[in-house]
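Undergrad: Requesting a structural model of the entry that follows:
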Amino acid sequence: MIRHALGAAGALFLLVPVFIGALTDGGEQAGALPQGIAEIPDAVLRAYVQAAGGLETEYPGCTGMAWPVLAGIGKVESDHAAGHRLSSTGRARPPITGPRLDGTGAGGNTTAHTDSDHGRWDGDTEFDRAVGPMQFLPATWASYGLDATGDGTADPHNVFDAAWSAAVYLCLSSPEAAAVDFTDTDDLHAALLRYNRSASYAQKVRGHIDTYTALAARTVPVSGAGASSAQGRSAARWALDQVGKPYLWGGTGPGAFDCSGLVMRAWEAAGVRLPRVTTDQVNAGRRIALDQVQPGDLLFYETGAPGGSPSHVTMYVGDGQMVNAPGTGRSIRVEPVGGAYYSARFVAAVRPG
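TA: Coordinates of the predicted model:
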C-alpha cells in the first residue's frame, strides 16, 4: 500500500488543474508506443507516455521524466490496472481500491487512516483505502489530484488523471519545490521515497523502471497507414497548448519552438518519434491529399527559408485551422490553412508514420 507524503515538512501545494489532452480513445492501438509490452494495456501505456511527455512543459523545474518511471510505479501499485476493464475515457471498472487502512496491518500499513472523503473514492465511510491505478490515498488526492482529460473531474480511478497526477506529485512534492532531475539516480530515488516511504518499495519500483527503460529503446515508428487518429488528436491538442509561446530558431521547448521543433515535440508527447528537421519530417510518413487531412497531420511549405525544401511545417488541428510557429519575432498561433500566403506555397501533407 502506498504511503503518500506531503513533502518533508508536510506542506500542501496549491495546484492549478492542467488539461494535457490525454489519449482517451481506448479502442485505438498505440501505434508508435514501445513494442513488446503485452502486460501494459494500450490505454495505460498511452497515459504513462502522455503524462511523462507533458511534465517538463508544464513544470520546467522537473526534467528527465520518462514513461518507464510511471510504469514502474503503476506495476507495483496495481499491475497496470490488471483485472479491471478501462472505459473509452480511461476509467477503471470496477474501481481499484486497496485494503482498508484501519491500523490492523492490512497492506503493510499499521497506522489507521480514518475516512477523509466520505467514501467518495473508496466506498468506505469509516476508514480510507488507497484508490485507483496509481493508488493514491484520498487525502493526498484531494491535494494533488488533477484532471488530465478535460472532463471537469479529477478522478483517481481514471488512468489518465492518475498518471498525470502521479507525475506532478513526484515533481512538486520535492522539499521547498526544488528542481528534480529524474535522470539523476539520487533525485529519482528520493522521489520514489516521497511516493512511498519504504526503501524496499523504491527498490522494487526501480527494478521495473530498469526493465521498462530497456523496452523503451525498442520504440519504432508507426507503419502502414500511419499514426492512429487518437495519436493525431493528442498531438494536435499538445500543439494547441503551446499557442502564444515565442518562436525561436532551433527551439524545441518547453519555452519556445521553431516550426519543426514544435511538431516534433507534439508528436513525441503522443508517443511517436519524428526527425528533428523539416526536410526529414516530410519523408517520415504517408503523403495524403490536402482534403483528407485530420488533426495531427503535418502541412509542408516552401517559404524560401534556408535549409532545403520544404522549409516550413505546420500542424493541422481541425476545422480548417493549423498551428503555426511562423518565424522570428512572432508567437505560435492558430490560422486558417486556406490563407493566401501559405496556400500559394503548399508542398505536401503528411500523416506521420
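Undergrad: Against I209, how distant is T183?
TA: Here T183 is placed at a distance of 11 Å from I209 (Cβ to Cβ, to the nearest Å). All C-beta atoms are positioned from the backbone trio N, CA, C, and that covers glycine.
Undergrad: Which one's more surrounded, those two?
TA: I209 (23 against 11; other Cβ atoms under 10 Å).
Undergrad: How far off centre is the host helix or strand of the more buried one?
TA: Under the criterion of DSSP states H and E, I209 resides in helix 199-216. Centre-to-centre, helix 199-216 and its host chain are 19 Å apart (Cα atoms, centre = their mean, to the nearest Å).
Undergrad: Just the CA trace of that helix, in CSV.
TA: Output of helix 199-216 as CSV, limited to C-alpha atoms (Å, rounded to 0.1, in the frame of the first residue of the first chain):
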residue,chain,number,x,y,z
ALA,A,199,13.2,1.5,0.8
SER,A,200,12.0,-1.9,-0.3
TYR,A,201,9.2,-0.2,-2.3
ALA,A,202,11.6,2.1,-4.0
GLN,A,203,14.0,-0.7,-4.9
LYS,A,204,11.2,-2.8,-6.4
VAL,A,205,9.9,0.1,-8.5
ARG,A,206,13.4,0.9,-9.7
GLY,A,207,13.8,-2.7,-10.9
HIS,A,208,10.7,-2.3,-13.0
ILE,A,209,11.9,1.1,-14.3
ASP,A,210,15.1,-0.5,-15.5
THR,A,211,13.1,-3.2,-17.3
TYR,A,212,10.8,-0.7,-19.0
THR,A,213,13.7,1.6,-19.9
ALA,A,214,15.3,-1.3,-21.8
LEU,A,215,12.0,-1.9,-23.5
ALA,A,216,11.6,1.8,-24.3
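Undergrad: Show me what that helix packs onto, helices and strands only.
TA: helix 67-78, helix 185-195 (3 or more Cβ pairs under 8 Å, 6 or more residues apart in numbering; DSSP states H and E).
Undergrad: Report the contact partners of V317.
TA: By Cβ atoms under 8 Å, 6 or more residues apart in numbering, V317 lies in contact with 236, 239-240, 295-296, 323, 334.
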